[in-house]
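In: Let's see this in three dimensions:
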Amino acid sequence: MIIPLLTRFEKYKSYSEESSVYLLRLFIYVVLSTLILPVLLLTSLDGVIRYFEQFSHSVSGSGDSNWQALFDYLFLPQSGAFFINYTIQYSLLGCFVDMIRLKDLIIYFYLRFKSVTEEEKENATKISEFDLPLEYGYMIAFFGIILTFSVFVPLILPIGFFYFIVKHLIDRYNISRLCSKNDKARYKLSPDITSYRERNKLIVQMTFFCIIFAQFYVMLFFAKSGDVTFIHLFLMCLLLILSIVYALYWNIHYKTKFNPLDSNNNQLIHSTFYSQDEELSIFNNQLQDKFSYAYFPPFALESIHGLKEQREQEINEMKLTI
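Out: Residues are numbered from 1 along each chain as shown. Alright, predicted model coming up:
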């Protein structure tokens, strides 16, 4: 509850910037609280201080026993059991809470209790929007947990597979049938159509982080076990380095080719990145691909297709002013 409140009270230029900041903060919090700290068995501030004291003592000491004791903190048998229990509970209880929409139910009873006029009672019955940053943040963090422990706790894979299937079906139903048609992330033509790529870029960056963290953790696990040769360690290090290089290359390439934060709608229209015909063609393809009857009800599609005429009118007005 603290993260969305802090993000909401800050000032942003657009909804996409606000949702990106909210998504990044939520992802960092979830990864720290459900992946990194539980792996180290750090459940309190005292445990964090003791862990870094052990780390400094291991670095200053001589011999492999200190490093062996340090690595024992990372790969305790309780870690695998904890994460299997966590994934089972989150897959069952999390999907069940999304299905019954417990958050909307609590908000409804609260607004209904404090409402006095008929207008307030009607507003209490309105269904909230689909929270994209919240769903993306938890889903990518859960993906990182499954990917990290998939090598030495294989039982976590079918649990994660079950979670993603059920989560997809529930989110698809909520978006198409229940959520409000005034979703800001889908219905604002400007600036979300151009800055939507920036949020997608952030999601891909977080996915790269999960993959790189999983490779690093697996490499430490096999190095600690001592059952691998130098060639295997070299190949794992090479794969980790190639993953980091590819992630950096993709980040730089994507930012150079598509950077909505360095441009506005006028720059896009005046052929800085696209011509008028190319932009209109891309916009029409987005309407046809993203907003289909499989995901949105008919009354929502009627409002969406009106954006096409609005965009054509904006382009024609800008052509006349040139």
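In: same for the lengthiest helix in the chain, what does it pack against?
Out: Taking DSSP state H as the assignment, the helix of the chain that covers the most residues is helix 192-225. Identification of packing neighbours for helix 192-225 by 3 or more Cβ pairs under 8 Å, 6 or more residues apart in numbering; DSSP states H and E yields helix 15-31, helix 64-74, helix 132-149, helix 184-187, helix 230-257. From N, CA and C alone the C-beta is placed, and that goes for glycine too.
In: Next, count neighbours for I165.
Out: Neighbour count for I165, taken as other Cβ atoms under 10 Å: 12.
In: So what touches the host helix or strand of it?
Out: If you go by DSSP states H and E, I165 is part of helix 156-173. Defining contact as Cβ atoms under 8 Å, 6 or more residues apart in numbering, one finds that helix 156-173 is touched by 83-84, 87-88, 90-91, 94-95, 98-99, 130, 135, 139, 142-143, 145-146, 149-150, 294-295.
In: Just the buried positions in it, please.
Out: For helix 156-173, the neighbour count (16 or more other Cβ atoms under 10 Å) marks 156, 159-160, 163, 166-167, 170-171 as buried.
In: Output that helix as CSV, nothing but the C-alphas.
Out: Listed next in CSV are the C-alpha coordinates belonging to helix 156-173 (Å, rounded to 0.1, in the frame of the first residue of the first chain):
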residue,chain,number,x,y,z
ILE,A,156,9.0,-25.5,-9.0
LEU,A,157,8.6,-25.6,-12.8
PRO,A,158,5.2,-27.3,-13.0
ILE,A,159,3.9,-25.0,-10.2
GLY,A,160,5.0,-21.9,-12.1
PHE,A,161,3.6,-23.3,-15.4
PHE,A,162,0.2,-23.8,-13.6
TYR,A,163,0.4,-20.2,-12.2
PHE,A,164,1.0,-18.6,-15.6
ILE,A,165,-1.8,-20.4,-17.3
VAL,A,166,-4.3,-19.6,-14.6
LYS,A,167,-3.1,-16.0,-14.3
HIS,A,168,-3.4,-15.5,-18.1
LEU,A,169,-7.0,-16.8,-18.1
ILE,A,170,-8.0,-14.7,-15.1
ASP,A,171,-6.4,-11.5,-16.4
ARG,A,172,-7.9,-12.1,-19.8
TYR,A,173,-11.4,-12.4,-18.3
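In: Surely F130 is in contact with N174?
Out: Yes: counting by Cβ atoms under 8 Å, F130 does reach N174; the two are 6.3 Å apart.
In: Are there residues contacting both of the two? Which ones?
Out: By Cβ under 8 Å, 6+ apart, no residue touches both F130 and N174.
In: Give me the buried positions along the helix or strand harbouring P4.
Out: Element membership for P4 (DSSP H and E) is helix 2-8. Of the residues in helix 2-8, those buried under the neighbour-count criterion (16+ other Cβ under 10 Å) are 3, 7.
In: for stretch 83-98, same thing?
Out: Residues of stretch 83-98 classed as buried by neighbour count (16+ other Cβ under 10 Å): 83, 86-87, 90-91, 94-95, 98.
In: for the residues you listed, which one is nearest L105?
Out: Of all these, the one sitting nearest L105 is D98; the distance, using Cβ to Cβ, is 12.0 Å.
In: what about this structure, any weak spots by pLDDT?
Out: Low-confidence segments of the chain, defined by pLDDT under 70, span residues 1, 13-15, 38-80, 177-197, 225-227, 254-312, 314-315, 318-319, 321-322.
In: Quick one: residues contacting Q205.
Out: Neighbours of Q205 in contact, by Cβ under 8 Å, 6+ apart: 247, 251.
In: Now with 7 Å, please.
Out: The neighbours of Q205, taking Cβ atoms under 7 Å, 6 or more residues apart in numbering as the test, are N251.
In: Look up how far Q215 lies from it.
Out: Applying Cβ to Cβ, to the nearest Å, the value for Q205 to Q215 is 16 Å.
In: How about L23?
Out: Taking Cβ to Cβ as the measure, L23 falls 23 Å from Q215.
In: What are the buried residues along stretch 103-116?
Out: By neighbour count with 16+ other Cβ under 10 Å, stretch 103-116 contains the buried residues Y108.
In: Before I go, just wanted to say thanks for your time.
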